[in-house]
Structures are given as C-alpha cells and as structure tokens.
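A.B. asks: Any chance you could fold what I've pasted below:
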Amino acid sequence: MQPHIVHEDTYGSLIDYPDDDYFEVRWYDASVAFTGDTFNDRLSIMADAIERCGRSGLLVDAVQFGMRAEDMDVAWRNANHIPRLNAAGVKKEALIVPAGFPPIGAPPAPEGPADYPTAFFATRADARSWLGS
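C.D. replies: Presented below is the predicted three-dimensional model:
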C-alpha cells in the first residue's frame, strides 16, 4: 500500500507509510504561531491518527517546526499524549531536526513516560534507517 496523507492543515501533515510500518509527522513553518493549546490540539490529532494506523515507528520531521520550546506544556504531553502512543504500540521515534541541534547523535532514550526510545537525526535517510533497524 502506498504512503498516504491522513491529515493536513496549515501547521503540518500526517502521513501513513503502511509498507514501511511507520507514521510521519511533518511540521510546517506555520507552527511558529502555535500556542500551548494549539500545539496540544495538534498532538491529540496526531495521537488519534497513530492509534488508527497502528505503526511501530514514528518519524517526526521538525526541521520547519517553529514553536518556542518554552511555550510547550511538557506535563500535558507526558500525561495525555505519550501514554496514547505507548498504548498504540509505538516502538521507536525518530526526530529530524536542523543540523547542529545538540541531541543529534546522542544515544536513543525514552522521553518522559515513553516506553520507546527517541533518537535525533539531521537527515531523513539516517532517521528512516534507524527506524528500520
């Protein structure tokens, strides 16, 4: 089955890759306008789609992500979003971030209450390779 977009709006797209067993979140530069609430709303939309698709890999392309980190509600994410991804069967999360981002190359590790490791990459090829390993 071919990859297909399951949701898209001005902030990003959600793409299912059934043959490769991963789900992609691609953030657009409009995410610079996010408030904590709009970001949480998007996390809920993302969790809904991941629950429906049931993929074990999660690829997040955050190269264009513009929200300020200090505006994120990490406690809300840890209590409401990550448990849903755990229950949906996510086994690995790969984040593509701008080159030079400090976590690139760090050993994969769970974030917050995640049952799965997250790893940071500068390229899509490296992120996809790790998800497939």
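A.B. asks: beta partners of the most centrally placed residue in the chain?
C.D. replies: The chain has V60 as the residue nearest its centroid, 3.6 Å off, counting by C-alpha atoms, centre = their mean. For V60, the beta-bridge partners under DSSP bridges are V25, L95.
A.B. asks: correct me, but it touches K92?
C.D. replies: No: assessed by C-beta atoms under 8 Å, V60 is found out of contact with K92, at 11.3 Å. All C-beta atoms are positioned from the backbone trio N, CA, C, and that covers glycine.
A.B. asks: about what we covered before: enumerate every residue touching the residue nearest to the centre of the chain.
C.D. replies: E24, V25, W27, E93, A94, L95, I96 (C-beta atoms under 8 Å, 6 or more residues apart in numbering).
A.B. asks: Could you double-check that F65 lies in contact with R26?
C.D. replies: No: checked against C-beta under 8 Å, the pair F65 and R26 is beyond contact range at 9.6 Å.
A.B. asks: Neighbour count for these two, which is higher?
C.D. replies: Applying other C-beta atoms under 10 Å to F65 and R26 shows that F65 carries more neighbours, namely 23 against 19.
A.B. asks: For the chain, just list every one of the helices.
C.D. replies: In the chain, the helices defined using DSSP state H lie at 36-53, 74-76, 82-88, 124-131.
A.B. asks: Mind putting those into JSON lines with mean pLDDT?
C.D. replies: Output for those, formatted as JSON lines (pLDDT from 0 to 100):
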{"stretch": "helix 36-53", "mean pLDDT": "95"}
{"stretch": "helix 74-76", "mean pLDDT": "94"}
{"stretch": "helix 82-88", "mean pLDDT": "98"}
{"stretch": "helix 124-131", "mean pLDDT": "97"}
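A.B. asks: quick one: which of those helices is nearest G105?
C.D. replies: Nearest to G105 among the helices of the chain is helix 124-131 (9.6 Å), distances taken as C-beta to C-beta.
A.B. asks: which residues are in contact with the closest one?
C.D. replies: Here helix 124-131 has contacts from D20, Y22, G57, L59, D61, K92, A94, L95, I96, P108, A119, F121, using C-beta under 8 Å, 6+ apart.
A.B. asks: Out of those residues, which is nearest to N86?
C.D. replies: Closest to N86, out of all of the contacts of helix 124-131 and judged by C-beta to C-beta, is K92, at 12.5 Å.
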